[in-house]
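> the following block contains a protein sequence and its predicted model.
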Amino acid sequence: MTDGTETEFAGRVALVTAAAGQGIGQAVARRLAAGGATVVVTDIHPGRTEKVARAIAADHPKATVIGLPMDAGDRDRIDQVVDEVTATLGPIRILVNNAAINVLGPIFDYDPAAWDWVVRVNLTGPWYLCRRIMPLMRDAGGGAIVNIGTYAPDIGGAGIEAPYAVTKGGLNVLTRSCAHEGGPHGIRSNCVSMGMVRGTKFVDDHPELRELPDTLGPLGELPHADDIAEAVAFLASDRARFVTGEIVNVSGGSYMRN
């Protein structure tokens, strides 16, 4: 990058959940590091978290990158991580809520324990992270929240993923609620919505899905995880300083909101 975006996040601490997998979270962490952010890679897998954090740091030697294991649905661990980051690196100015799980199944026999798990990680965790981090952003003069969503709520979970769709619909509302409450304090809140994305384990494991016309949309191909990361970077940056409360669809046109 030679257009100034290599320093657009300089001096800002960014926390990304589920950032040690092969897909969107890691792509976002890499993009923020490339922009000069101090990046906190969090993920439920300790070894993978440290390995990915080291790899990103090696690829972006001018950035500070650390890895902290964290279950994004564990409030006690969230408290520990936020406190440690604040004490050692400073206030978190960018929060990317990427962690999510999806347990497929019909409502007729869906396991209530699976419902509780999906809600805890996909919705309660992001709410609690916002609750903890928004006061830090407020006291620091502002910040940006970017939630990672999906158009699954718009299509009713397609008959196979209702709990996931319900939580992501709730995440859309949380996005706008944080925009309303955070706006007076310089805090912006937006959501990047999508369908299937190349570079994620699900799509890589099902290459046949890349060719379905209803999946590809008018652009004729699926977005890559890097495309999602670029949208996140825009929304987290000062380039989007008057964008808040928005659900930005990055799906190649496979779904178009009214």
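That came through fine. Numbering: from 1, shown residues only.

> what about the helices in the stretch 101-250 of the chain?
112-119, 125-140, 162-182, 201-205, 213-216, 225-236 (DSSP state H, counting those that start in this stretch).

> what's the neighbour count on residue 257?
Residue neighbour count, defined by other C-beta atoms under 10 Å, stands at 10 for residue 257. For every residue, glycine as well, the C-beta is placed using N, CA and C.

> from residue 115, how far out is the residue lying closest to it once chain neighbours are set aside?
In space, and not counting its chain neighbours, residue 257 is closest to residue 249: 6.0 Å by C-beta to C-beta, 6 or more residues apart in numbering. Look at residue 249 and residue 115: by C-beta to C-beta, to the nearest Å, they are 26 Å apart.

> what about the helices of the stretch 101-250 of the chain, which gets the closest to residue 45?
Among the helices of the stretch 101-250 of the chain, helix 201-205 comes nearest to residue 45, with 13.2 Å by C-beta to C-beta.

> in the closest one, what counts as buried?
Residues of helix 201-205 classed as buried by neighbour count (16 or more other C-beta atoms under 10 Å): residue 203.

> then stretch 99-107?
By 16+ other C-beta under 10 Å, the buried positions in stretch 99-107 come out as 99-102.

> now stretch 78-87: average pLDDT?
In this model, stretch 78-87 has a mean pLDDT of 98.

> just the buried positions in that stretch, please.
Residues 78, 81-82, 85 are the ones in stretch 78-87 that count as buried (16+ other C-beta under 10 Å).
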